[in-house]
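**Student:** Give me a model of this one.
(2 chains)
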There are 2 protein chains.
Amino acid sequence: MHWQPTKQHHISLHTQIVEWIATRIASGDFPIGMQLPTQRALAMQFNVNRSTITSALDELKARGLLEAYVGRGTFVTASPWHTLLPTPNWQQHINDSIHKPNIDTIQLINDYEPNEQMIRLGTGELAPSLLPRTALQQSLASITLDEKLLNYCEPQGSIALRQAICAHVEKRGIITTPRNILVVSGALQALQLIALGLLQRGSIIFQPSASYLNSIHPFQSAGMYMRTLDDVTTLTSLPHAAQSLYYAMPTLHNPSGYTWTDEERKTYYTVCQKLALPILEDDVYGELSFQPTQPLKAIDTTGHVLYVGSVSKTLSPGLRIGWIIAPEAVITRLADVKMQTDYGSSTLSQQLVTHWLTSGKYDAHVATLKETLHVRAQFLHALLLHHFQDLASWEQSTGGFYIWVRFHEPVIQKSLFLSLLQQNILIHPGYMYELNDFHHIRLSYAYASFDDLTTGIEQLAKAIKRRTY
Amino acid sequence: MHWQPTKQHHISLHTQIVEWIATRIASGDFPIGMQLPTQRALAMQFNVNRSTITSALDELKARGLLEAYVGRGTFVTASPWHTLLPTPNWQQHINDSIHKPNIDTIQLINDYEPNEQMIRLGTGELAPSLLPRTALQQSLASITLDEKLLNYCEPQGSIALRQAICAHVEKRGIITTPRNILVVSGALQALQLIALGLLQRGSIIFQPSASYLNSIHPFQSAGMYMRTLDDVTTLTSLPHAAQSLYYAMPTLHNPSGYTWTDEERKTYYTVCQKLALPILEDDVYGELSFQPTQPLKAIDTTGHVLYVGSVSKTLSPGLRIGWIIAPEAVITRLADVKMQTDYGSSTLSQQLVTHWLTSGKYDAHVATLKETLHVRAQFLHALLLHHFQDLASWEQSTGGFYIWVRFHEPVIQKSLFLSLLQQNILIHPGYMYELNDFHHIRLSYAYASFDDLTTGIEQLAKAIKRRTY
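**Tutor:** Next up is the predicted model:
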């Protein structure tokens, strides 16, 4: 819903909004039973006063197109066609369907992030200026398209890319073969394939308390349960129920930023091994550690670790290229599921990533990127010291994109999120990662410019200190 | 498993095979409980005599790594490490997991298609020579990468591409807006998003008897049921159970090649509308009709039709770009599920497709392609007349890739598939599309060269006539 009424129009804002909504309803775009956003949200969306919304909705109610129920909201009731022709009850379809919706805050973030007016304080992306656009553009002109790769690709992904990934991960201590690699369309798809191809309804995913996994639903939508487990060593036997999995981000955990010590790596690996509990190692930030680190997969001698990597946090998320490294039987299975899901990842993207990995361009770019991120991390740290020294605590970043700030008081409420949204500032509140956490906020130094960071953090401080929400 | 022993090696084939399998088992690649392929399949795979396989397996059994059960097959029983360290029981994970595996024949097809030795008689791809490689290469050098599109894309896909799709589908009579379009990674992903985002476990998918849908499992793996319904007008009321859907390919049905008449279009649409039964219109071959046709979506005034299109059959499957056109509430929902699935489709692919659609290159290419396909269709028809006039019946192709040939006798058995595979010929038997259909074969004139088509059909005829399988 990116439409907005035009102020210069000869038709009033009120009438423009009424006609727009009526047309949506008539065309079936807004199906019977659909709940409209709140008046406040509509006012924001259309960039008009709330009173304009109230009067527009009143007219639509009078026309019999909408109905309001106190405490429940406003719903579409009928369309001019509905009396003549039945339409599918899409809202019922959506309500009864399998996949969980994103939580409201995340849907708003997804909707508003493409808006260039927004100051994005928490986003999991690199600033456009940190992406090597010119160099990527040049390599597009220089790579020779492989005829075979214009067609459907082999199930595990292009062999050239899998060979390049082998050589690449070896630098971080992982010894593997192309047969043990599946190319995927980003790390998120890896999680979905693992859910569908290795787990069953009722399977349990163990993870630390605050987790990126709570902001998406690849496992829950497949009927699996998430269990919080901050310390895996407390687990001495596994529940009988079902095939389980331990989800870990040993390097630069999202959102906390924590990296396991060598000792923790060994302890966790040994415990999981004793329990025959597979570990899903999400290592998408691993290459961005300011100090050298080693993935868990590097010490895995028994095929316990399903390793997930990606170029989304380093090179370009738009390419949608990641990889799973696992025992061959697992890879064969996941490749088969992937062939039934999307018939492989973009071979154009695969060829570009192959070129970057094998030409040395990728390593050179990541080295520079880490230096830039380090400077940005220090800048954000300084801003936080200035504004929040007495109100919150945090660790200095050791890599990646984020600082995970804990306020002493539970001030990071949804009302803060919405209030800042009205000032064109987007934040990632802690409750996205743990339902009842109103103390934390995930701040990112990777996206916003220094000016935007300064303004954004200032506004955040103002809102929190004056409690204007 | 693309490894093969080397004949020039100083180590015997037998020992190379034993060591290779033992290493796979030791590394966890072949987990305990995994079933090995049959001796026949292994012999083909390794390109050795069956006696070499037998002796290699015997040695591995003697070492205690494999165990054979009469009538069930050969299984991995232990690894050198297993006595010391427990490993996850991956085979159990796979067996108990949610997603259905591809049927064996399709897995074999997926595995063998990348092999350049194969003559591919049924494949759903264009020959490399029909793909505009040079022109695509040139446009790569000429497009300017959009900085924004190197990052994560907006949920529904790039706005430029959605606008281009609007203008494109309008030529076939579909009037829509960018808000009603979701860019997806190919038509198969569209089906999966619809399964997860609009349907529920127990939902029923109605479809004609022989169907491409039976060769993949996006709905079944999500707990839905497929119901055969060759004539939708026989349906006067819907079963109460659950939200249902009618899956249709009104233009160039896969595999039958049938295109609905105008009258059928109207009848089907009216019936589904009366039942409030949504129609999923899969139109991936629609643009390749030799005569002008109109999609069902073009006569849809009530948002009944979920329309799916793609560039995979026309431009390049490797790009992985398709689209869904549907009411806005549906698109918003499916975009939200897609954001939880793969965070959008490759923006590099999106930019290339936008360039092709807006520059006129796409239409010019498709026009030439249709002429070429028409010539190829006539060539295959002539070959069939020559070899099978008395044995089978078929319709002349009116577009797309295929001729759906029905043999009077049930000769298209799995043994024929395997026997031809050994001669490096891949076919798509009818039983891939309807479980007990041994009469049909889907032949494609889109991929194999005229020489390969001639040889391949000749071998097929020889096998069928001499019953050598």
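
**Student:** quick one: pLDDT of A:Thr468?
**Tutor:** pLDDT recorded at A:Thr468 is 83.

**Student:** Likewise for A:Ser79?
**Tutor:** 54.

**Student:** Same check on A:His365?
**Tutor:** The score at A:His365 is 98. That number is its pLDDT.

**Student:** Need the three-state assignment for it.
**Tutor:** In three-state terms, and counting by DSSP: H, G, I helix; E, B strand; the rest coil, A:His365 is helix.

**Student:** Look up the pLDDT of the closest residue to it other than its chain neighbours for me, please.
**Tutor:** Computed as CB to CB, 6 or more residues apart in numbering or on different chains, the closest residue to A:His365 that is not its neighbour in sequence is A:Pro132, at 5.3 Å. No exception for glycine: its C-beta is placed from N, CA and C like everyone else's. Looking at A:Pro132, its pLDDT stands at 95.

**Student:** A:Pro132 against A:Leu319, yeah?
**Tutor:** No - A:Pro132 lies out of contact with A:Leu319 (CB atoms under 8 Å); the separation is 11.8 Å.

**Student:** Give the residue from those two that has the larger number of neighbours.
**Tutor:** Comparing A:Pro132 with A:Leu319 by other CB atoms under 10 Å in any protein chain shown, the one with more neighbours is A:Leu319, at 26 against 19.

**Student:** List the residues that contact the nearest residue to that one once chain neighbours are set aside.
**Tutor:** Computed as CB to CB, 6+ apart, the closest residue to A:Leu319 that is not its neighbour in sequence is A:Ser349, at 4.2 Å. By CB atoms under 8 Å, 6 or more residues apart in numbering or on different chains, the contact set of A:Ser349 is A:319-321, B:346, B:348-349.

**Student:** gap between A:Ala335 and B:Tyr212?
**Tutor:** A:Ala335 sits 20 Å away from B:Tyr212, going by CB to CB, to the nearest Å.

**Student:** Please say which of the two ends up with more neighbours.
**Tutor:** A:Ala335 (24 against 21).

**Student:** would you say the more buried one is within a helix?
**Tutor:** Yes - remark: A:Ala335 belongs to a helix, assigned using three-state DSSP.

**Student:** Quick check, it in contact with A:Arg179.
**Tutor:** No - using CB under 8 Å, A:Ala335 makes no contact with A:Arg179, being 10.4 Å away.

**Student:** how about A:Glu264, what does it touch?
**Tutor:** A:Pro250 are the contacts of A:Glu264 under CB under 8 Å, 6+ apart.

**Student:** From B:Asn214, how far off is it?
**Tutor:** Counting by CB to CB - A:Glu264 and B:Asn214 are separated by 49 Å.

**Student:** go on, A:Ser142?
**Tutor:** From A:Ser142 to B:Asn214 the distance is 44 Å (CB to CB).

**Student:** Those two: which is more packed in?
**Tutor:** Taking other CB under 10 Å, A:Ser142 and B:Asn214 do not tie; B:Asn214 has more neighbours (20 against 10).

**Student:** So the residue of the stretch 351-469 of chain A found nearest chain B, which state does it fall into?
**Tutor:** In the stretch 351-469 of chain A, the residue found nearest to chain B is A:Leu352; the distance is 6.6 Å by CB to the nearest CB. Recorded secondary structure, A:Leu352: helix (three-state DSSP).

**Student:** Tell me who's in contact with it.
**Tutor:** Going by CB under 8 Å, 6+ apart, A:Leu352 touches A:136, A:139-140, A:143, A:319, B:348.

**Student:** Going C-terminal from the worst-scoring helix or strand of chain A on mean pLDDT, what's the next secondary structure element?
**Tutor:** Sorting the helices and strands of chain A by mean pLDDT, DSSP states H and E puts helix A:90-96 at the bottom, at a mean of 80. Heading C-terminal from helix A:90-96, the first helix or strand you meet, by DSSP states H and E, is helix A:104-112.

**Student:** quick one: that following helix near chain B?
**Tutor:** Yes - against chain B, helix A:104-112 shows contacts by CB under 8 Å from any CB of the partner chain at A:107, A:110-111.

**Student:** most neighbours, which of those?
**Tutor:** Highest neighbour count within those, by other CB under 10 Å: A:Asn110, with 19 neighbours.

**Student:** Go ahead and confirm that residue touches B:Met339.
**Tutor:** Yes - contact status for A:Asn110 versus B:Met339: in contact at 5.6 Å, counting by CB under 8 Å.

**Student:** which neighbours do those two share?
**Tutor:** A:102, B:155.

**Student:** Find the closest residue to chain B in the stretch 201-350 of chain A.
**Tutor:** Closest to chain B within the stretch 201-350 of chain A is A:Gly303: 2.4 Å, counting by CB to the nearest CB.

**Student:** Secondary structure element for that residue, which one?
**Tutor:** Following DSSP H and E, there is no helix or strand that holds A:Gly303.

**Student:** same deal with A:Thr74?
**Tutor:** strand A:73-76.

**Student:** how far is stretch A:32-50 from where the chain is centred?
**Tutor:** 25 Å (CA atoms, centre = their mean, to the nearest Å).

**Student:** wait, what's in contact with the spatially closest residue to A:Thr398 that is not a sequence neighbour?
**Tutor:** Leaving aside its sequence neighbours, A:Thr398 sits nearest to A:Phe290 (CB to CB, 6+ apart; 5.5 Å). By CB under 8 Å, 6+ apart, the contact set of A:Phe290 is A:370, A:373-374, A:377, A:397-399.

**Student:** With A:Val48 instead?
**Tutor:** The neighbourhood of A:Val48, defined by CB under 8 Å, 6+ apart, consists of A:5, A:13, A:17.

**Student:** How about A:Gly399?
**Tutor:** Residues counted as contacts of A:Gly399 (CB under 8 Å, 6+ apart) are A:251-252, A:257, A:259, A:285, A:288-291, A:370, A:373.

**Student:** what about burial for these, which qualify?
**Tutor:** For the contacts of A:Gly399, a burial check counting by 16 or more other CB atoms under 10 Å in any protein chain shown picks out A:251-252, A:257, A:259, A:285, A:288-290, A:370, A:373.

**Student:** With distance to A:Leu275 added, can I get these in CSV?
**Tutor:** Below are the buried ones among the contacts of A:Gly399 laid out as CSV (distance: CB to CB, whole Å):
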residue, distance to A:Leu275
A:Thr251, 22
A:Leu252, 25
A:Gly257, 27
A:Thr259, 23
A:Tyr285, 26
A:Leu288, 31
A:Ser289, 28
A:Phe290, 33
A:Lys370, 35
A:Leu373, 36
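
**Student:** what packs against the particular helix or strand that has A:Leu188 in it?
**Tutor:** Under the criterion of DSSP H and E, A:Leu188 resides in helix A:187-198. Under the contact definition 3 or more CB pairs under 8 Å, 6 or more residues apart in numbering or on different chains; DSSP states H and E, helix A:187-198 sits against strand A:181-184, strand A:279-282, strand A:305-310, strand A:322-325, helix A:328-339, helix B:90-96.

**Student:** okay, how far is it across stretch A:94-110, tip to tip?
**Tutor:** Stretch A:94-110 has an end-to-end distance of 19 Å (CA to CA, to the nearest Å).

**Student:** Check which residues of it are buried.
**Tutor:** A:94, A:96-99, A:101-103, A:105-110.

**Student:** cool, and stretch A:169-188?
**Tutor:** Buried residues in stretch A:169-188, counted by 16+ other CB under 10 Å: A:169, A:172, A:174, A:176, A:178-188.
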